[in-house]
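# Whatever this is, show me its structure:
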Amino acid sequence: MGFDFSFTEDQLALQKMIRKFVDNEIVPVRAHYDETEEFPWELVKKMQDLGLNCLVAPEKYNGVYYDASTIAIIAEELCRGCTGIALSVLANNLASEPVLIAGNEEQQEWWFTRACDEGKIQAFCLTEPGAGSDEEGEGFKIAMKTLDASRPMVGALAVGIAQGAYEYALLPSSLLSSFAKCFAADVCMEVTTDAVQILGGYGYSREYPVEKMMRDAKIMQIFEGTAQVQRMVIANNILRD
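This next block holds a predicted model:
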């Protein structure tokens, strides 16, 4: 019996929505949050509005409760943009697993109501002073069951990071190379033309090198794709998604 790893239409729609959100909201500001070390509250609120604050919350507590493969899709797409920002909400899944595993009805209602309705940020404690990871009572067993449930998502996080790096590495072959050629050739043409203009009649004479530099600059805007073609490549890359 084989396994079917193809996505459903709903999963594909969700993937497209998350990818658009990442490209428009996370990618432009990820460097800012990395450099300033600020907590991305604004993005967290936006992700909460998308229903991503607690992906494992049961529906009876106003959760969506995505299955494992759908959670993997969400995790991969978010980490394609920035893992630090993604974990601002994805860490709530890890924190919620012990409550799903061992919490009674009252505890689950208290926990997931705050996660889904109030947008609380949650945390998971694996070790504690003087005890390490070998907690007393049922704590260790619950922790191990929790990690068994959450580790597949870590695999999805890793795939997302790899996907983001792979896509960025492809840029030099199209978008970045077109940017580089177009910008550099235009600047070269502008500078050499200005140099000829500044020198006046002398600049037009072969006694001075700038007239040849201007002629050389012009070919930079023509061969290996004209400046107009480069702008088409750039526009197509930007508008593709």
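# any low-confidence regions in this protein?
The chain contains residues with pLDDT under 70 at 1-3, 130-134, 170-174, 240-241.
# Strands of that one, start to end?
Per DSSP state E, the chain carries no strands over any range.
# what sits against the residue lying farthest from the centre of it?
Going by C-alpha atoms, centre = their mean, the residue of the chain most distant from its centre is Glu207, 55.3 Å out. Shown in contact with Glu207 (C-beta atoms under 8 Å, 6 or more residues apart in numbering): no residues. From N, CA and C alone the C-beta is placed, and that goes for glycine too.
# Need phi/psi at it.
phi -70, psi -20 (degrees, to the nearest 10).
# now swap in Val56 and tell me
phi -110, psi 10.
# Share the number of residues neighbouring it, please.
24 (other C-beta atoms under 10 Å).
# could you measure it against Ala75, distance?
12 Å (C-beta to C-beta, to the nearest Å).
# same question, Asp148
Distance, Asp148 to Ala75, by C-beta to C-beta: 17 Å.
# Over to Gly84?
13 Å.
# Can you pick out the residue with more neighbours from these two?
Between Gly84 and Ala75, counted using other C-beta under 10 Å, Ala75 has the larger neighbour count: 27 against 14.
# quick one, what contacts the nearest residue to the more buried one once chain neighbours are set aside?
Distances taken as C-beta to C-beta, 6 or more residues apart in numbering put Ala156 closest to Ala75, at 4.1 Å, once the chain neighbours are dropped. By C-beta under 8 Å, 6+ apart, Ala156 lies in contact with Ile71, Ala72, Ile73, Ala75, Glu76, Cys79.
# Put together TSV for the residues you listed, with distance to Arg231 on each row.
Shown next, in TSV, are those (distance: C-beta to C-beta, whole Å):
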residue	distance to Arg231
Ile71	41
Ala72	38
Ile73	35
Ala75	37
Glu76	33
Cys79	32
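# Got the domain ranges for this structure?
Domain segmentation of the chain under automatic domain parsing yields 9-170, 174-239.
# if you compare these, which one is most tucked away?
Counting by mean count of other C-beta atoms under 10 Å, domain 9-170 has the highest mean neighbour count of those, with a mean of 16.
# residues in contact with the residue positioned nearest the centre of the chain?
Central residue of the chain (C-alpha atoms, centre = their mean): Gly81, 0.8 Å from the mean position. Applying C-beta under 8 Å, 6+ apart, one finds that Gly81 lies in contact with Val22, Asp23, Ile26, Val27, Arg30, Gly164.
# and of the contacts of Ala156, the nearest to Asn236?
For the contacts of Ala156, the minimum distance to Asn236 (C-beta to C-beta) is 25.5 Å, reached by Glu76.
# Spatially nearest residue to the closest one, not counting backbone neighbours?
Nearest to Glu76 is Gly160, by C-beta to C-beta, 6+ apart, at 3.9 Å.
# Thanks a lot, see you next time.
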